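Enquirer: The following comprises the amino acid sequence and a computationally predicted model.
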Amino acid sequence: MKNKILVYLLSFLFTLVFLSCSASLKDEKELLNLRNTFSNIIPKPVSITPTNKFFILDKSAKVYVEPMNTETSFIGKYLAGIIKPSTGYSLQVLKSDENAVERNIYLTINGKDKSLGEEGYELTVSEERINLSADAPAGLFRGVQTLRQLFPYSIESSDIEPGLWEIPTGTIKDYPRFEWRGVMLDVARHFFSVKDVKSYIDLSALYKINYLHLHLSDDQGWRIQINSWPNLSTYGGSTQVDGGKGDYYTQAEYSEIVAYAQERYITVVPEIDMPGHTNAALASYPELNNDGIAPSLYTGIEVGFSALAIKKDITYKFIHDVIKELSAITPGPYIHIGGDEAPKIDSIDYVHFIDKVQSIVYSFGKKMVGWDEISKANLFPTSVAQHWDNEIILNAVKQGVKVIMSPASKTYLDMKYDSTTGLGLFWAGYIEVKDAYNWDPATQMGGISENNILGIEAPLWSETIINLDDIEYLAFPRLAGHAEIGWSQVKGRNWDEYKERLAEHGLRWTEKGLNFYRSPQVLWK
Ligand code: TNX
């Protein structure tokens, strides 16, 4: 009898041990599936040397910064902030301590490798430690985005995830191909809150975007408070496309956006579109009109019908005052003056107008940026022309002016993906994810080559979009591709390999709850 009980007991124990072993085997398999590799980074780094082991982050790890100052400790805390929600670990950020015990993260600005430039970085992961070094804070911040992408995708979850936080070992050396990697958001056709703009900044930062161009005025709305011309925002900003209630940023709110972007090493470029696309201003002040009569506010989506009275002195006083206030709250070096689609103004007058506006911008210590059409004017060598749809841009190149490439048929995030896309326009064609990726700025247009190009920018016009969900849907996945075109070397870039990386990023976006377009061209996981 005793023996029988013993046998029962033993077999019971054996079953228990067996069950728990197979359970942990299963967990281990799942964890292995979660492990990331070096081949999923977007934008693709310049060089990667894997050493095929893993660094395991545990809750006692620390982030050491060297030298410790406001900027480096901010970057350290930013990294700790990314790691915290999903791991539950509160990593301390401390001044570097080389005697510290193993398995910490070291962020260093040592300026040793000058070839990295402002935004480059070197990331070395061994089983014992993670070393991220750069020449400048911006480089450290870009490197943090790479490190973030080496964690399993569940790092992007806002809830605590079970898991072993493993990071593959090896070395990455990386720096950007182009100096300007921008996104543009049209807050004039539909207004977007400070919170939504900050979300878009965060999403852009993940892909190493470094310029945020805000299209602050258009026919349908004026979105920035100007103290010397208060009606612009209070009246000119009171509506939007389709007649809904509009809004505007106070100067304090605008500064909040600028500071938030700055903390992510993103420079805000404000645009006041002129002399066309000005109905909201014309409606706010009758004296800006040729006939002195203010038109009604406009809520449709036509273009080309409005123009400032460019022969009146008051118009230049107005521009002077606006640029003065805008320059004072914009630490970045650029002011965008639009300049597009002004068919009501004859060519000679247009050139005269842009020349004058350019001087005003420069008088406040800023450089002027404008769309294709400004290429007709006499540009200063430091002005910048943004290409969207017109070969007139070659005129700017001939003047030695640098260009930002935003060809509408490739980079316009407001173009529909295909005929079934609910949001967006299609005047420049449908742009599937592959079309948005498969082009190169230096071969896009005859007469514009690598050294004429400052960089690339993906504009998102908002005639058809009203909220952050809509922004996300049109921007993702295409924004990731534009970021790669701007950052990564052209050699080694190809769609078949890229789409695999994109599929892994789909897992990250799902963790984040991002409303992205699940293109049939990608095998989402
Ligand atoms: C063209 S691009 C425009 C914008 C529209 C956009 C819509 C440019 C300089 N002008 O006014 O919003 O198309 O895709």
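Expert: Here it is on my side, so go on. Numbering: from 1, shown residues only.
Enquirer: Helices of the stretch 301-450 of the chain, start to end?
Expert: Per DSSP state H, counting those that start in this stretch, the stretch 301-450 of the chain carries helices over the ranges 313-328, 347-363, 393-398, 408-411, 433-437.
Enquirer: Minimum distance to the ligand: which of the ones you listed has it?
Expert: Of all these, the one in closest proximity to the ligand, counting by Cβ to the nearest ligand atom, is helix 408-411 (6.3 Å). Every residue, glycine included, has its C-beta placed from N, CA and C.
Enquirer: which other helices and strands contact that closest one?
Expert: Helices and strands touching helix 408-411, by 3 or more Cβ pairs under 8 Å, 6 or more residues apart in numbering; DSSP states H and E, are helix 433-437, strand 453-460.
Enquirer: can you give me how far the shortest one is from the chain middle?
Expert: Its chain's average C-alpha position is 17 Å from that of helix 433-437, according to Cα atoms, centre = their mean, to the nearest Å.
Enquirer: Can you show me the CA trace of that helix as CSV?
Expert: Provided in CSV are the C-alpha atoms of helix 433-437 (Å, rounded to 0.1, in the frame of the first residue of the first chain):
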residue,chain,number,x,y,z
VAL,A,433,4.2,52.3,-50.6
LYS,A,434,6.6,50.9,-53.2
ASP,A,435,6.2,54.0,-55.4
ALA,A,436,7.0,56.2,-52.5
TYR,A,437,10.2,54.2,-51.8
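Enquirer: just checking, what packs against it?
Expert: Counting by 3+ Cβ pairs under 8 Å, 6+ apart, helix 433-437 packs on helix 408-411, helix 478-487, helix 495-512.
Enquirer: The last one too?
Expert: Under the contact criterion of 3+ Cβ pairs under 8 Å, 6+ apart, strand 453-460 touches strand 180-186, strand 211-218, strand 402-405, helix 408-411, helix 468-475, helix 478-487.
Enquirer: Redo these as CSV? Include mean pLDDT.
Expert: Shown next, in CSV, are those (pLDDT from 0 to 100):
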stretch, mean pLDDT
strand 180-186, 98
strand 211-218, 98
strand 402-405, 98
helix 408-411, 98
helix 468-475, 98
helix 478-487, 98
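Enquirer: Just send those back as TSV, with mean neighbour count and distance to Arg264 too.
Expert: Listed next are the helices and strands packed on strand 453-460 as TSV, based on neighbours: other Cβ atoms under 10 Å; distance: least, Cβ to Cβ, whole Å:
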stretch	mean neighbour count	distance to Arg264
strand 180-186	26	12
strand 211-218	26	9
strand 402-405	25	20
helix 408-411	23	21
helix 468-475	21	16
helix 478-487	26	13
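Enquirer: Pipe the ones you listed into a markdown table and attach distance to Pro331 per row.
Expert: Below are those laid out as a markdown table (distance: least, Cβ to Cβ, whole Å):
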| stretch | distance to Pro331 |
| --- | --- |
| strand 180-186 | 16 |
| strand 211-218 | 13 |
| strand 402-405 | 20 |
| helix 408-411 | 26 |
| helix 468-475 | 25 |
| helix 478-487 | 22 |
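Enquirer: Compare these and give me the one nearest Tyr437.
Expert: helix 478-487 (3.8 Å; Cβ to Cβ).
Enquirer: Flag every residue of the stretch 251-400 of the chain that's near the ligand.
Expert: By the rule Cβ under 6 Å from any ligand atom, the part of the stretch 251-400 of the chain lying against the ligand is 303, 340-341, 371, 388.
Enquirer: now those in TSV, with pLDDT, neighbour count and distance to Glu263?
Expert: Formatted as TSV, those follow (pLDDT from 0 to 100; neighbours: other Cβ atoms under 10 Å; distance: Cβ to Cβ, whole Å):
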residue	pLDDT	neighbour count	distance to Glu263
Val303	96	15	35
Asp340	96	20	31
Glu341	94	18	35
Trp371	98	25	29
Trp388	98	20	30
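Enquirer: Of the helices of the stretch 301-450 of the chain, flag the one that's most buried.
Expert: Most buried of the helices of the stretch 301-450 of the chain by mean neighbour count (mean count of other Cβ atoms under 10 Å) is helix 408-411; its value is a mean of 23.
Enquirer: Extract the C-alpha set from it and format it as CSV.
Expert: Extracted C-alpha coordinates of helix 408-411, given in CSV (Å, rounded to 0.1, in the frame of the first residue of the first chain):
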residue,chain,number,x,y,z
ALA,A,408,4.4,65.5,-55.6
SER,A,409,4.2,62.2,-57.5
LYS,A,410,6.5,60.5,-54.9
THR,A,411,6.5,62.4,-51.6
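Enquirer: The spatially most central residue of the chain: what's it in contact with?
Expert: In the chain, the C-alpha closest to the average C-alpha coordinate belongs to Ser204, at a distance of 2.7 Å (Cα atoms, centre = their mean). With contact taken as Cβ atoms under 8 Å, 6 or more residues apart in numbering, Ser204 is in contact with 183, 212, 264, 266, 479, 483.
Enquirer: ok, 7 Å please
Expert: Neighbouring residues of Ser204 by Cβ atoms under 7 Å, 6 or more residues apart in numbering: 183, 212, 266.
Enquirer: and which of the residues you listed is nearest to the ligand?
Expert: Relative to the ligand, the closest of those is Val183; by Cβ to the nearest ligand atom it sits at 14.1 Å.
Enquirer: thought the closest one was touching His215?
Expert: No - here Val183 lies out of contact with His215, judged by Cβ atoms under 7 Å, at a distance of 11.1 Å.
Enquirer: So what's the residue count around the residue of the stretch 401-525 of the chain found nearest the ligand?
Expert: In the stretch 401-525 of the chain, the residue that lies nearest the ligand is Trp461 (3.5 Å; Cβ to the nearest ligand atom). For Trp461, the neighbour count with other Cβ atoms under 10 Å is 23.
Enquirer: wait, it sits on Ala188?
Expert: No - Trp461 lies out of contact with Ala188 (Cβ under 7 Å); the separation is 9.2 Å.
Enquirer: ok, which residues in the chain are in contact with the ligand?
Expert: Counting by Cβ under 6 Å from any ligand atom, the chain comes close to the ligand at 303, 340-341, 371, 388, 412, 414, 425, 461, 463.
Enquirer: can you rerun that using 8 Å?
Expert: For the chain, the residues in contact with the ligand (Cβ under 8 Å from any ligand atom) are 186, 189, 218, 273, 277, 301, 303, 338, 340-341, 371-372, 386, 388-389, 406, 408, 412, 414-415, 425, 427-428, 459, 461-463.
Enquirer: taking the residues you listed one by one, which sit in strands?
Expert: Under the assignment DSSP state E, the residues of the chain next to the ligand contribute 186, 218, 273, 338, 371, 386, 459 to strands.
Enquirer: Spatially, which two of these are the most separated?
Expert: Asp218 and Gln386, at 15.6 Å, using Cβ to Cβ across those.
Enquirer: burial measure for the closest residue to Phe191 other than its chain neighbours, as a count.
Expert: Nearest residue to Phe191 in three dimensions, chain neighbours excluded: Asp247, at 4.5 Å (Cβ to Cβ, 6 or more residues apart in numbering). Here the count is done by other Cβ under 10 Å, and Asp247 has 18 residues near it.
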